[in-house]
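Trainee: how would this look folded up:
(chains A, B and C, ligands or ions: 2)
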Amino acid sequence: MGDPHHCTEERAPSLDRVEELCCALELARDLHLTGDGEEGIHERERVREREREMEKIEGSSSIENPRPWQSYHTVYTNAKAGMDGVDKEKVQRVVYEMSKGSKYFENEERKEAFIRQKIEHMHVRCAKLTAADLSHYQKVADKRVSELEVRRDLSRIWLHVDMDAFYAAVETLSDPSLKGKPMAVGGMSMISTANYEARKFGVRAAMPGFIACKLCPELIFVPTDFKKYNYYSDLTRKVFCDYDPNFMAASLDEAYLDITEVCRERGITSTEIAEELRSRVYEETGLTCSAGVAANRLLAKVCSDINKPNGQFVLPNERMAVITFVSSLPIRKIGGIGKVTEHILRDVFGINTCEELLQKGSFLCALFSHSTAEFFLSVGSGLGGTETPQVRFRKSISSERTFSATENKALLYQKLAEIVEMLSADMQKEGLHGRTLTLKLKTASFEVRTRAVTLQKYICSSEDILKHASLLLKAELPVSLRLIGLRVSQFNEDKAGAPSDPTQRTLTSFIMSGDASRKNAADQSSLGSDISDHHFMDDQETSCSLGIHETIPDEVSDPFENNCVPNVDDQNRTFSDNVGEVEKIHQPSSSETAGKGNKLDMVRHTPKSHQNELSELVETDSSFLLQHEGNNHDRVEEEANILNNEAVSSSNQTDQFFCWVDNYKCSLCGTELPPTFVEERQEHSDFHLAERLQEEDSGSNSRFHTLRQRKFARPVYKDRTASASHKKRKKLKSSGKEGTHIPIDTFFVKSNQNL
DNA sequence: GGGTCCGTGACGA
DNA sequence: TTCCATCGTCACGGACCC
Ligand SMILES: Cc1cn([C@H]2C[C@H](O)[C@@H](COP(=O)(O)OP(=O)(O)OP(=O)(O)O)O2)c(=O)[nH]c1=O
Ligand SMILES: [Mg+2]
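Mentor: Ligands and ions are numbered 1, 2, ... in the order given. A predicted model of the protein is given here:
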């Protein structure tokens, strides 16, 4: 890929209000909304009621809920082309039944709970708005909308093309016998897409294969073959070039074309262009596609989905047509508004359609950041990117693999080495060199973590990558993983560093795509909502440490002793001498036994920077550290000490020196944790206890902060800080404060520029 | 106050 | 029996540095 045409396009998924949150209440509400708007307060009450309902359900595990599957939110309930006649209730039930109880499911529940908490916070925020506030924000919203209006550009004609069931269609071309039979591309663990026959059963992209099997026993699975998809993708792009040499490729099967010029030059309508283009694509490839035409990319994308299988839809470049079109459009159809954003907008503001985005403009301006609110308002106004996009190149390259969860270090290092090989090979192909390496891990419980290091020099060889990747992994080690991934970014092209790259890539990409020119755009796209903030989390960390306790002795010695890990240090790291060959050694040796040689000392303290690796473990290994303090030279001693304290304290009891105000808020720091978060609360209280002991102890120095940071973050939803770059970033904004009030505006990030 | 780096989450194909 | 992928982008907040 370095496709010059490539871009971040505008997304417009599909939707449907089906994915209801919960039961009857939701249905009733929908019916209402369909009719009209509904008022804020009532709406909120209603939502609250539902929330309570849900908590009850969760708490008592479906006994009281006759339809537990309805509260399991998946992405499969979204309306998608070819899924009209599907019995969604049944699909949802099957998905739920197949998922229930799994690690994956549990993780989803944690995420859901977190989102619900966020929603609750927003409700509170909303409720606190005074009439004066609302009046003020209404003015703000009105002003912004009118400013957006001024910038409306109806002079361009954009066409979005999207191949139908792309991978599946390509596979059918290679094996015609598949025609007419339900088929999916992918495997038992995950399906990339399914043909329309399979969709009738509810089988669709991003659905695990084993669930698809349940829905459609006769489903045929075909493995993915990117070579084929790339080949056909190139064929379609050649056609696109004839209509817009600067078209933007959004993915292998999607592209945006500015057909303003073609229409004018040839004196024909966009409808005719779309028809011609589609039949030409069919002639050249034997594949069908759908097209959408509108005044901007955002709407064009929505339009291409309307008559999806092998059809097209043209939205006139007239303001009223646009306004009308958008008014009844479900927000989920807009690219950038996904499951979570839809959930939030609906539950907090009662927003289901784009029109309502404008109606609730004052609330949106009051609660979201400027850019996010701007995005929502522009969507409500039917605006989107129209400018000619600039060329963009890839910013990162990565490789990741899932395997059956294991905590066997030798195995993990082996997996890592495999990933390294794949990644460096890919980089080689494109002549890429990067200086930031990010390790991605997914624990057995589906928690995702990333650990990055930025080097001073650009790397690309498998040796260099493995060297640094191993260090990153080593620091995380005692952990059971189901996935390891590596990403390299911060390429050195543009300049200086290594001349070869940039050029090469560019050329390559140009060649590949068949044409050259500018392209892309930064369009709209996303709103990455962000719900970050703090949160509660599962913490498997905690449990981990505890559980591991016993095991630890053995385990531990291993990692450090074994030198499986190349100790290298990145520039800063002390020396590495030994390392170089590490990788080689690595594979074989890694076997747990290997050990020997070891070198704990090698890694010793690093001067400064990256101690990365180390710090993190602290929490997890506390017990370990306690017992083996002597050994770990690796880690920063201070941390070890801290841990000691920490460990001790937590083990002690948790005397109640604080309480949960309203059975919800921590009396000490204000963090809000619903009573249902038993473990999180335990963690939280342990944290305060440790904090207190430490204070008594003596100094709250930086170390203390460290403790606070990680301990705190942990309990909450994902530990972000935890690792906070291990460097000594100490300061941390105590999470205490964070917990106190969530900056809702940060909830969403904004997006794009399509405004 | 600006630039960087890191970690996380949302979103999409 | 099996039991939820892979690759990529963007946006932030926090930490750190100057
Ligand atoms: C949605 C999705 C798509 N893909 C791949 C497979 C798809 O064929 C390809 C294009 O995605 P889509 O255009 O979303 O889907 P599709 O082309 O298969 O079906 P249709 O457009 O008719 O609704 O991207 C994934 O690998 N994972 C995913 O989660
Ligand atoms: Mg498609």
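Trainee: Low-confidence bits of chain A, can you list those?
Mentor: Across chain A, the ranges flagged by pLDDT under 70 are A:1-64, A:66, A:494-755.
Trainee: tell me which parts of the stretch 201-350 of chain A are close to DNA strand B?
Mentor: Residues of the stretch 201-350 of chain A found near DNA strand B (Cβ under 7 Å from any atom of the strand) are A:205-206, A:250-254, A:301, A:334-342. (C-beta placed from N, C-alpha, C; glycine too.)
Trainee: Mark which of these are part of strands, please.
Mentor: Per DSSP state E, strands hold the following members of these: A:250-251, A:254.
Trainee: Now, of the residues you listed, which are buried?
Mentor: A:250, A:254 (16 or more other Cβ atoms under 10 Å).
Trainee: From the ones in strands among the residues of the stretch 201-350 of chain A next to DNA strand B, pick the one nearest DNA strand C.
Mentor: Nearest to DNA strand C among these: A:S251, at 8.7 Å, using Cβ to the nearest atom of the strand.
Trainee: and the closest one, how far is that from A:N310?
Mentor: Per Cβ to Cβ, to the nearest Å, A:S251 is found 19 Å from A:N310.
Trainee: returning to what we had before: identify, from the ones in strands among the residues of the stretch 201-350 of chain A next to DNA strand B, the entry nearest to DNA strand B.
Mentor: A:S251 (3.2 Å).
Trainee: Quick check: beta-bridge partners of the closest one?
Mentor: A:E254 (DSSP bridges).
Trainee: Report the separation between it and A:S489.
Mentor: For A:S251, the distance to A:S489 equals 20 Å [Cβ to Cβ].
Trainee: Likewise for A:L129?
Mentor: Distance of A:L129 to A:S489, computed by Cβ to Cβ: 41 Å.
Trainee: tell me which residues of the helix or strand containing A:E283 are tucked away?
Mentor: A:E283 belongs to helix A:270-285 when assigned by DSSP states H and E. Buried positions in helix A:270-285, judged by neighbour count with 16+ other Cβ under 10 Å: A:270, A:273-274, A:276-278, A:280-281, A:285.
Trainee: which of these sit farthest apart?
Mentor: Using Cβ to Cβ, the two most remote members of the buried residues of helix A:270-285 are A:S270 and A:T285, lying 22.0 Å apart.
Trainee: Show me what from chain A comes close to ligand 1.
Mentor: A:80-81, A:162-167, A:192-193, A:205-206, A:253, A:308 (Cβ under 6 Å from any ligand atom).
Trainee: Distance to A:K457 added to the buried residues of helix A:270-285, as a markdown table?
Mentor: Listed next are the buried residues of helix A:270-285 as a markdown table, based on distance: Cβ to Cβ, whole Å:
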| residue | distance to A:K457 |
| --- | --- |
| A:S270 | 51 |
| A:I273 | 50 |
| A:A274 | 50 |
| A:E276 | 52 |
| A:L277 | 47 |
| A:R278 | 49 |
| A:R280 | 48 |
| A:V281 | 45 |
| A:T285 | 44 |
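Trainee: before we move on, back to that, between the residues of chain A next to ligand 1, which has the most around it?
Mentor: Neighbour count (other Cβ atoms under 10 Å) singles out A:A165 as the most crowded of the residues of chain A next to ligand 1, with 28 neighbours.
Trainee: Looking at the buried residues of helix A:270-285, which is nearest A:R297?
Mentor: Within the buried residues of helix A:270-285, the smallest distance to A:R297 is 14.0 Å, found for A:S270 (Cβ to Cβ).
Trainee: For that closest one, which non-adjacent residue is closest in space?
Mentor: In this structure, A:S270 finds its nearest non-sequential neighbour in A:V293, 4.5 Å apart by Cβ to Cβ, 6 or more residues apart in numbering.
Trainee: quick one: secondary structure of the one you found?
Mentor: Under DSSP: H, G, I helix; E, B strand; the rest coil, the three-state class of A:V293 is strand.
Trainee: Helices of the stretch 251-400 of chain A, residue ranges please.
Mentor: Along the stretch 251-400 of chain A, counting by DSSP state H, counting those that start in this stretch, helices occupy A:260-266, A:270-285, A:297-306, A:319-327, A:339-349, A:354-359, A:361-367, A:370-380.
Trainee: check whether the last one contacts DNA strand C.
Mentor: This means helix A:370-380. Yes: interface with DNA strand C: helix A:370-380 contributes A:371-372 (Cβ under 7 Å from any atom of the strand).
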